[in-house]
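Participant: Task: produce atomic coordinates for the following.
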Amino acid sequence: MPLDHSDVEKIAHLARMALDESQIDAYAEDLSNILGLVEQLEAADTTDIEPMSHPLHMAQRLRFDEVTEEVRREKNQAVAPSVENGLYLVPKVIE
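Facilitator: You can find the predicted model right below:
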């Protein structure tokens, strides 16, 4: 399914992309090649193939849920300009 100049302009407009006139022909060719590959994939016979969520049958390796970081709040707040009750104080920015 080859795309023409106007198709690429419509796609660029929908994607909110600004394209130069010199780029449109190159994009049309690239997008047409991508659509050609999709057509080839659609032509493959998949009637006897069971859908799967992952190409390999393997279990997810999980790590143990344990704390690995130290609490450094006092050290970090020691260099803060203004702190109160363990919280950073910042200027009000909402008008």
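
Participant: and stretch 75-94, C-alpha only, in CSV?
Facilitator: The C-alpha coordinates for stretch 75-94 follow below in CSV (Å, rounded to 0.1, in the frame of the first residue of the first chain):
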residue,chain,number,x,y,z
LYS,A,75,22.1,14.1,56.7
ASN,A,76,20.2,15.4,53.7
GLN,A,77,18.2,17.9,55.7
ALA,A,78,21.3,19.2,57.4
VAL,A,79,22.2,21.1,54.2
ALA,A,80,18.7,22.3,53.4
PRO,A,81,18.0,26.0,53.9
SER,A,82,14.8,25.5,55.9
VAL,A,83,13.4,22.4,57.6
GLU,A,84,10.6,21.9,60.2
ASN,A,85,9.4,18.6,61.7
GLY,A,86,11.3,16.5,59.2
LEU,A,87,9.9,18.4,56.2
TYR,A,88,11.5,20.7,53.7
LEU,A,89,10.1,24.2,53.8
VAL,A,90,9.8,26.0,50.5
PRO,A,91,8.3,29.3,49.4
LYS,A,92,4.7,29.3,48.4
VAL,A,93,4.4,29.2,44.6
ILE,A,94,0.6,29.1,44.2
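
Participant: show me what contacts residue 5?
Facilitator: 24-25, 28 (C-beta atoms under 8 Å, 6 or more residues apart in numbering). For the C-beta atoms, the positions are set from N, CA and C on the backbone; glycine is no exception.

Participant: For it, give its distance to residue 16.
Facilitator: Look at residue 5 and residue 16: by C-beta to C-beta, to the nearest Å, they are 19 Å apart.

Participant: Likewise for residue 71?
Facilitator: From residue 71 to residue 16 the distance is 45 Å (C-beta to C-beta).

Participant: Which helix runs longest in the chain?
Facilitator: helix 21-42 (DSSP state H).

Participant: show me where the chain has helices.
Facilitator: Going by DSSP H, the chain shows helices at 5-14, 21-42, 73-77.
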